[in-house]
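Undergrad: Give the three-dimensional model of this entry:
(2 chains)
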There are 2 protein chains.
Amino acid sequence: MTGTPATPRRRGAARTEELLRVTLDLAAEVGHAGLSIEAVARRAGVGKHTIYRRWPSLAALLLDALSLVWTSDLDYRYTGDVRADLREQFLRSSFALANPPLGPVYRAVIAEAQADSTLRATLDERFLVTVEQSTLDRITHAQRTGELAAEANLEFAAEVLCGTLYYRGLLTTRPIDENAVDGLLDMFMAAYESNEKTN
Amino acid sequence: MTGTPATPRRRGAARTEELLRVTLDLAAEVGHAGLSIEAVARRAGVGKHTIYRRWPSLAALLLDALSLVWTSDLDYRYTGDVRADLREQFLRSSFALANPPLGPVYRAVIAEAQADSTLRATLDERFLVTVEQSTLDRITHAQRTGELAAEANLEFAAEVLCGTLYYRGLLTTRPIDENAVDGLLDMFMAAYESNEKTN
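TA: Below is the predicted model of the structure:
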């Protein structure tokens, strides 16, 4: 989505990435309330026009900045113990979401998206669906190996797992700690753990 | 929290409620992006000072407006069929959340809360915890009557139920329809339905 162009345009691409880095630094320092196209331009030492040439709005800039830090660090492990692998990823990604640079940029996108349904659709497609799909892949794998019940419909389970954590992390002021993650996984395993294993 | 004062202050209370109604009307018409103290004052035909005398910020005004429409219409039924009662309330409250006046005001509060952790704490205490508690009350009742497993820890289940619906309704662009509610309830019942009933 923000793929690096080939050599002829390398300088432009480097400038684009630099502006995204400035956005992330600024978000980490001032939080989302202080983020604006003007503030990014000032910090980068460029005119507003330089920003607007690349991104039509603050929201578009924030989404690309989010892509830059949304690294494969957030992938699931596949150790053969689905509960342990989900637990490990939930705690790791929740920490990333609660801290700079990902945290404040994500909050800013969520806030902007409340007034802008097009942005919310983009957020959904580019990030939320992606996270849910990688969760669905991990639990479907566990179903294939017999850890989870063969007859379970896991499609919605992935949304429940991700949605509950987003809710706690973004809407409430409660931390996503081991206690919360274990409570969520207790429910998930009680619903879908294979009977062959528990009997 | 927004209780009506006794007679001596009735005129002030009436004015307060009128300003909250104006806020709700405006939110329904222009959505959250157009909401401001200035816009509310202009619509109400009063000075900004009249608003600020009652509420220190737009967020505080929005929270009180939210209280006004957060009626007991959103209570759970207690028919003796926990799945049916949860399903009915989820669809009813999701419809309310997706439409004026509750929808746009709620979106505005969520957006403001992303940049303001004090507001997020108030939102959590006044609304999210309240909704979760009434959900917990309903499912704890079902546990007492034997519909749900006696040994289940339902504390976190209420958060999962509410959180998943908030996630879908506020962060994604997917509708909270019968399909989504049934998927969520399939997982909930698979995890906690009493064995005495299913065996």
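
Undergrad: Report all helices and strands that the lengthiest helix in chain A contacts.
TA: With secondary structure taken from DSSP state H, chain A has its longest helix at helix A:10-30. Using 3 or more C-beta pairs under 8 Å, 6 or more residues apart in numbering or on different chains; DSSP states H and E, the elements in contact with helix A:10-30 are helix A:37-44, helix A:48-54, helix A:58-69, helix A:102-114. The C-beta positions use only the backbone N, C-alpha and C, and glycine is treated the same way.

Undergrad: Please identify the buried residues of it?
TA: A:13, A:16, A:19-20, A:22-27 (16 or more other C-beta atoms under 10 Å in any protein chain shown).

Undergrad: Turn the residues you listed into TSV, columns for pLDDT.
TA: Shown next, in TSV, are those (pLDDT from 0 to 100):
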residue	pLDDT
A:Ala13	86
A:Thr16	92
A:Leu19	95
A:Leu20	94
A:Val22	94
A:Thr23	93
A:Leu24	90
A:Asp25	91
A:Leu26	91
A:Ala27	86
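
Undergrad: In contact with A:Leu184, which residues?
TA: With contacts defined as C-beta atoms under 8 Å, 6 or more residues apart in numbering or on different chains, A:Leu184 is in contact with A:90, A:161, A:164-165, B:156, B:160.

Undergrad: hang on, the earlier thing: which among the buried residues of helix A:10-30 gets closest to chain B?
TA: Of all the buried residues of helix A:10-30, A:Ala27 has the smallest distance to chain B: 11.3 Å, by C-beta to the nearest C-beta.

Undergrad: Can you tell me how far the closest one is from B:Pro104?
TA: 26 Å (C-beta to C-beta, to the nearest Å).

Undergrad: How about A:Gly169?
TA: On the measure of C-beta to C-beta, A:Gly169 and B:Pro104 end up 24 Å apart.

Undergrad: neighbour-wise, which of these two wins?
TA: Under the criterion of other C-beta atoms under 10 Å in any protein chain shown, the comparison of A:Gly169 against B:Pro104 puts B:Pro104 first, with 24 against 21.

Undergrad: buried residues in the helix or strand hosting A:Ala84?
TA: For A:Ala84, the element it lies in under DSSP states H and E is helix A:82-98. Neighbour counts over helix A:82-98 (16+ other C-beta under 10 Å) mark A:82-83, A:85-87, A:89-91, A:93-94, A:96-97 as buried.

Undergrad: center of chain A, which residue is that?
TA: For chain A, A:Phe127 is the residue whose C-alpha lies nearest the centre (C-alpha atoms, centre = their mean; 5.6 Å).

Undergrad: Got phi/psi on A:Thr145?
TA: phi -90, psi 0 (degrees, to the nearest 10).

Undergrad: Surely it and A:Tyr78 touch.
TA: No: counting by C-beta atoms under 8 Å, A:Thr145 stays clear of A:Tyr78, with 9.6 Å between them.

Undergrad: hang on, A:Ser36 packs against A:Ala59?
TA: No: in this structure, A:Ser36 is not within contact of A:Ala59 by C-beta under 8 Å, at 11.6 Å.

Undergrad: out of these two, which sits in the busier spot?
TA: A:Ala59 (20 against 14).

Undergrad: residues in contact with the more buried one?
TA: Here A:Ala59 is in contact with A:109, A:112-113, A:116, A:119 (criterion: C-beta under 8 Å, 6+ apart).

Undergrad: Which helix or strand contains A:Ala150?
TA: Using DSSP H and E, no helix or strand contains A:Ala150.

Undergrad: Angles on the backbone of it, please.
TA: Torsion angles, degrees, to the nearest 10, at A:Ala150: phi -60, psi -30.

Undergrad: Run a quick neighbour tally on it.
TA: So A:Ala150, with other C-beta under 10 Å, has 10 neighbours.

Undergrad: could you list every residue that touches it?
TA: A:143, A:194.

Undergrad: Let's see that with 7 Å instead.
TA: Each residue near A:Ala150 by C-beta atoms under 7 Å, 6 or more residues apart in numbering or on different chains is listed here: A:Gln143.

Undergrad: State the distance from it to chain B.
TA: Note on A:Ala150: its distance to chain B, by C-beta to the nearest C-beta, to the nearest Å, is 14 Å.

Undergrad: now the closest residue in space to A:Leu97 that isn't next to it in sequence: how far from A:Phe95?
TA: Nearest-residue entry for A:Leu97: A:Gly169, 5.3 Å, with adjacent residues in sequence omitted and distances by C-beta to C-beta, 6 or more residues apart in numbering or on different chains. According to C-beta to C-beta, A:Gly169 and A:Phe95 sit 10 Å apart.

Undergrad: Give the residues shared as contacts by the two.
TA: Joint contacts of A:Gly169 and A:Phe95 (C-beta under 7 Å, 6+ apart) do not exist.

Undergrad: just checking, A:Asn195 touches A:Glu147?
TA: No: look at A:Asn195 against A:Glu147 with C-beta atoms under 7 Å: they stay out of range, at 11.6 Å.

Undergrad: Give me the more crowded residue out of those two.
TA: A:Glu147 (19 against 9).

Undergrad: For that one, which non-adjacent residue is closest in space?
TA: Per C-beta to C-beta, 6+ apart, closest to A:Glu147 is A:Val82, 5.0 Å.
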